[in-house]
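Asker: Just a sequence and a predicted model for now, questions to come.
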Amino acid sequence: MQFTLEHPLGQHGCASELYSSHGVAILAAVEERCDSDAITYTEHPAPPRAWVDKGGHTGLDPLIALAFCSGVTRRSKLLTHLVVLPYHALLALAKAVATTDILSSGRLILGVGSGYLRAEFDALDRL
């Protein structure tokens with residue numbers, strides 16, 4: 001059985017300390033010490049207020065956050081849960097993915113999806 005720790009950033013009850021570099025580093029270090037298999041960040045660049053109010057969440061950029069986590073961990077896999085492909089210029093995304101994978105010594109696992117929040121597509125002018 002494998003276990004993954006999802007960063008709770010933006011979820012109801014999330015400690016404000018987890019929004020800082022220090023908090024992200026501590027969470028990544030704890031994840032690795034607990035022998036979890038991966039740490040994961042999800043992508044919501046512009047979540048609509050109504051969705052957040054009903055239990056949705058904000059979040060950090062998953063690739064940047066995971067690249068940061070790679071610097072404070074040595075073993076943990078780094079999982080995007082998930083990157084929404086239509087939100088991105090694909091060549092720039094491929095470069096960011098490759099860079100994160102190289103800097104993490106091949107520990108990145110790229111999870112991708114199509115997205116579902118129309119308001120985010122609208123905010124990103126991607127429809």
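Answerer: Yes, it's here. Numbers count the residues shown, from 1 in each chain.
Asker: all helices for this structure, in order.
Answerer: 21-33, 49-53, 62-70, 90-103, 118-123 (DSSP state H).
Asker: Out of those, which is the most enclosed?
Answerer: helix 62-70 (a mean of 22; mean count of other CB atoms under 10 Å). Every residue, glycine included, has its C-beta placed from N, CA and C.
Asker: Make JSON lines from the helices of the chain and add distance to residue 42 to it.
Answerer: Below are the helices of the chain laid out as JSON lines (distance: least, CB to CB, whole Å):
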{"stretch": "helix 21-33", "distance to residue 42": "14"}
{"stretch": "helix 49-53", "distance to residue 42": "13"}
{"stretch": "helix 62-70", "distance to residue 42": "6"}
{"stretch": "helix 90-103", "distance to residue 42": "15"}
{"stretch": "helix 118-123", "distance to residue 42": "12"}
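Asker: Dump the ones you listed to a markdown table, plus mean pLDDT and distance to residue 80.
Answerer: Formatted as a markdown table, the helices of the chain follow (pLDDT from 0 to 100; distance: least, CB to CB, whole Å):
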| stretch | mean pLDDT | distance to residue 80 |
| --- | --- | --- |
| helix 21-33 | 91 | 15 |
| helix 49-53 | 90 | 20 |
| helix 62-70 | 95 | 5 |
| helix 90-103 | 97 | 8 |
| helix 118-123 | 94 | 16 |
